[in-house]
Each structure stands twice: as C-alpha cells, then as structure tokens.
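Quick check, what structure comes out for this input:
(chains A and B)
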Amino acid sequence: GAVVSQHPSWVICKSGTSVKIECRSLDFQATTMFWYRQFPKQSLMLMATSNEGSKATYEQGVEKDKFLINHASLTLSTLTVTSAHPEDSSFYICSARRDEQFFGPGTRLTVL
Amino acid sequence: DAKTTQPPSMDCAEGRAANLPCNHSTISGNEYVYWYRQIHSQGPQYIIHGLKNNETNEMASLIITEDRKSSTLILPHATLRDTAVYYCIVAPYNQGGKLIFGQGTELSVKP
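Have a look, this model is predicted:
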C-alpha cells in the first residue's frame, strides 16, 4: 500500500510552547490530507481536512487558531499545535488519499 | 457521528476464522463499506472495501448483505498479529471523502 510518514513520532514539550507535526505522502501526491486525534482507549476523531493550496476545513468544535494546518505542497501537510497545554496531549494521526485512504504511523504529543 | 454499529470486543482462537460483524442500516446508495484496523499505538491500516458485491484480497474477505444494511469481515486464519481494533466505516468513494471512525471491535486472537 501507499506510504504516509509522520515526523516526529513522539514529542514532549512544555506548556505554552508550539509544536509542529509533519505528514508526508512518500510515493504519491495528495491534494487532500486529513488530521485525526486519538485519546487513550478512544477512537480516532477527525479534526480537519487539509487542502493543498487552500485553507483547511475544520470539524465542529476544533479551534482553527489553535490547530494551524498548512498544506503547501502535494506531498506535505503540517499541523501546528499552538500554545500547547496538557489537555492537548494526545496521539495525532494524519492520512492521505490516493485510491484508498492511507494513514501515517502517528505522533505522540505529551505536554508537561 | 459514525453510521455503523459493531460489537465492542470479540475473541478468536489462533488459526480459526475471525468473523467481525457490522451494522450499517442507514447506508446510502453511493456509500462504500470500508474496513480498517489499528494495532496498538499505530496508525490505522486499510484492509478492504466494497459497495455491494463480496470482495476478497490477500488480507480478508468482505461479505455484504443483499440489502447492504450489514456486512461481515472475515479473517480466514487468524494469527496473534491480527489482534487489533477493527473499524467498519461507510463513506462515499470520492477524493474528498472523509472517514468517520466509530468505536470499532477489539479483536483478541488467543493461542
């Protein structure tokens, strides 16, 4: 299947700092990527749809000023968690659509 | 909200077939049935999808009822590495189609 990578795989930061997570489609171009968040023992929750060359579309209840999404190229989308707080600690997963939707390995964010 | 209903957990003996059911009684005509699985602390992995015909690939088989209101994912010879949470999702097949995950079924394959 297609390969989607994420970087970093885990990150620990202090409260109040910003963290950037990268999502790359390694062997195909993706005009649309998706960002999910997953808390322990819960299912994946869709946060936003990232559109190449245009603004992201956020799901209801997701703060767009806190979770900044940039999709500057057909192979890269970034999610920046601004002014992170402990409640933002979670597993963040991206996906990209070729024929089917393929998911990255996830990024574990811990905010102290 | 997710449009599917799955049992929260199931057990299966290693080497036996695992049959995972999914109800999607409100599925629309243009929506496909997708199955993904998530092994602990990893991203979801695509398994199979179908519209109305039964499908088979190297990983699994998908059986969709004639009225399309339910389906069953079959892992023919489950191994310990198949222990994961299995998600059944219905969504349109198009480039913009987002996947909304329900709670899934936690499958435990036991020796």
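
Near the closest residue to residue B:23 other than its chain neighbours, how many other residues are there?
The shortest distance from residue B:23 to any non-neighbouring residue, by Cβ to Cβ, 6 or more residues apart in numbering or on different chains, is to residue B:5 (4.3 Å). Heads up, the C-betas are built off the backbone N, CA and C, glycines and all. For residue B:5, the tally of surrounding residues (other Cβ atoms under 10 Å in any protein chain shown) stands at 14.

just residue A:43 next, same as before
Going by other Cβ under 10 Å, the residues that sit close to residue A:43 add up to 16.

Just the terminal-to-terminal distance for stretch B:39-53.
One end of stretch B:39-53 sits 27 Å from the other (Cα to Cα, to the nearest Å).

For stretch B:74-94, C-alpha coordinates in PDB please.
Backbone C-alpha positions of stretch B:74-94 (Å, rounded to 0.1, in the frame of the first residue of the first chain) are rendered in PDB as follows:
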ATOM      1  CA  ILE B  74     -13.600 -12.500   7.600                       C
ATOM      2  CA  LEU B  75     -10.000 -13.100   8.500                       C
ATOM      3  CA  PRO B  76      -9.800 -16.700   7.300                       C
ATOM      4  CA  HIS B  77      -6.900 -17.900   9.500                       C
ATOM      5  CA  ALA B  78      -6.400 -15.500  12.400                       C
ATOM      6  CA  THR B  79      -2.900 -15.100  13.900                       C
ATOM      7  CA  LEU B  80      -1.800 -13.400  17.100                       C
ATOM      8  CA  ARG B  81      -0.700 -10.500  14.900                       C
ATOM      9  CA  ASP B  82      -4.300  -9.900  13.900                       C
ATOM     10  CA  THR B  83      -5.000  -8.700  17.400                       C
ATOM     11  CA  ALA B  84      -6.200  -5.100  16.900                       C
ATOM     12  CA  VAL B  85      -9.200  -2.800  16.900                       C
ATOM     13  CA  TYR B  86     -11.200  -3.300  13.700                       C
ATOM     14  CA  TYR B  87     -13.200  -0.300  12.300                       C
ATOM     15  CA  CYS B  88     -16.100  -0.600   9.900                       C
ATOM     16  CA  ILE B  89     -16.800   2.700   8.100                       C
ATOM     17  CA  VAL B  90     -19.300   3.800   5.500                       C
ATOM     18  CA  ALA B  91     -18.300   6.700   3.300                       C
ATOM     19  CA  PRO B  92     -18.700   7.900  -0.300                       C
ATOM     20  CA  TYR B  93     -15.900   6.900  -2.700                       C
ATOM     21  CA  ASN B  94     -14.500  10.200  -3.800                       C
END
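
Alright, calling it a day.
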